[in-house]
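1. sequence first, predicted coordinates after that:
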There are 2 protein chains.
Amino acid sequence: MRYGRELLKGSTEPLLLSLITRQPMYGYQIIKELERRSKGYFTFREGTLYPALHRLEERGLIIGRWERLATGQERRYYHITEQGQHALEEKVTEWRGFSRAVNSIMQPESL
Amino acid sequence: MRYGRELLKGSTEPLLLSLITRQPMYGYQIIKELERRSKGYFTFREGTLYPALHRLEERGLIIGRWERLATGQERRYYHITEQGQHALEEKVTEWRGFSRAVNSIMQPESL
DNA sequence: TATATTTGCATAGTATTACGAGGTATCCTG
DNA sequence: CAGGATACCTCGTAATACTATGCAAATATA
């Protein structure tokens, strides 16, 4: 089942930081990685990804560096910053708390 | 830790339907119930709740009925519709899938 | 070789929605 | 009587996912 677009809001950034913290990645690669790791669930659009990356960079959580391949092609690799590390930890904690709270409403063990 | 406002987007409706499906409820009661069941995590604002209820009603997922108390005061009790039942099931399934997908990225057992 | 697909980045415009702020009114308690 | 809780509503703002569109190069396919 496809998910509603609103559901992703607020989760995009922790997702991106989660990937970039493991290794520097470029935009297109991130889209593919999200798809692969979620077993096809996430199929990020460019219009979602690139503005999100720009926001993260603007806030100093990641840094993008153009790198030229042997073929001459250029890619913009994003690296996580120390600030980004902290933000990631916060956001993951935040997501866990939120997720737990939603579940407490949606599948209450005890009313 | 407080959660970002964007995180709630897309989750509001399944939350509301989850409550209303158990018993008809009115707005103020819903706010209190969300707070109680989530152990203080959710503190919905009126500006979030009432428009959301109106949207759900407009889409035929719930029906609001004014009921007058013995004191003369009026409350608008929302009842779930059959359509709302189906929507709830879909949205809960959707949330589970989404939640699983997010976790698959945020805490990957295997890369 | 010509065409299509994939790779790779970017932005402008639109729709959705949570929230702050403000308004109205009643009830209960000290 | 004053203040808080109860109970509903709406307007404006901000945030952001997505569609559409554009550009360009590389690769695969017919």
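-> Yes, it's here.

2. low-confidence stretches in chain A?
-> By pLDDT under 70, the low-scoring segments of chain A are A:1, A:108-111.

3. so which bits of it are right by DNA strand D?
-> By CB under 7 Å from any atom of the strand, the residues of chain A that approach DNA strand D are A:5-6, A:8-13, A:44-48, A:51-52, A:55, A:71-73. Quick note: C-beta positions are derived from backbone N, CA and C, even for glycine.

4. which ones among the residues you listed map onto helices?
-> A:5, A:6, A:8, A:12, A:13, A:46, A:47, A:48, A:51, A:52, A:55 (DSSP state H).

5. need those residues in TSV with neighbour count, can you?
-> Formatted as TSV, those follow (neighbours: other CB atoms under 10 Å in any protein chain shown):
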residue	neighbour count
A:5	11
A:6	14
A:8	19
A:12	20
A:13	23
A:46	10
A:47	8
A:48	16
A:51	11
A:52	17
A:55	14
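
6. point me to the residue of chain A nearest DNA strand C.
-> In chain A, the residue that lies nearest DNA strand C is residue A:27 (2.8 Å; CB to the nearest atom of the strand).

7. pull the number of nearby residues for that residue.
-> Using other CB atoms under 10 Å in any protein chain shown, the number of residues around residue A:27 comes to 19.

8. phi first, then psi, for it.
-> Backbone torsions of residue A:27, given as degrees, to the nearest 10, read phi -50, psi -60.

9. pull the contacting residues for it.
-> A:46, A:49, A:50, A:53, A:76, A:78 (CB atoms under 8 Å, 6 or more residues apart in numbering or on different chains).

10. and with 10 Å instead?
-> A:16, A:44, A:46, A:49, A:50, A:52, A:53, A:64, A:75, A:76, A:77, A:78 (CB atoms under 10 Å, 6 or more residues apart in numbering or on different chains).

11. distance-wise, check it relative to residue A:78.
-> 8 Å (CB to CB, to the nearest Å).

12. hang on, the earlier thing: ok, the ones in helices among the residues of chain A next to DNA strand D vs residue B:86, which is closest?
-> residue A:6 (19.0 Å; CB to CB).

13. endpoints of stretch A:37-46, how far apart?
-> Its first and final residues considered, stretch A:37-46 spans 18 Å by CA to CA, to the nearest Å.

14. stretch A:62-82 now?
-> End-to-end span of stretch A:62-82 (CA to CA): 9 Å.

15. tell me if that stretch is near chain B.
-> No: Stretch A:62-82 is not in contact with chain B by CB under 10 Å from any CB of the partner chain; minimum separation 14.3 Å.
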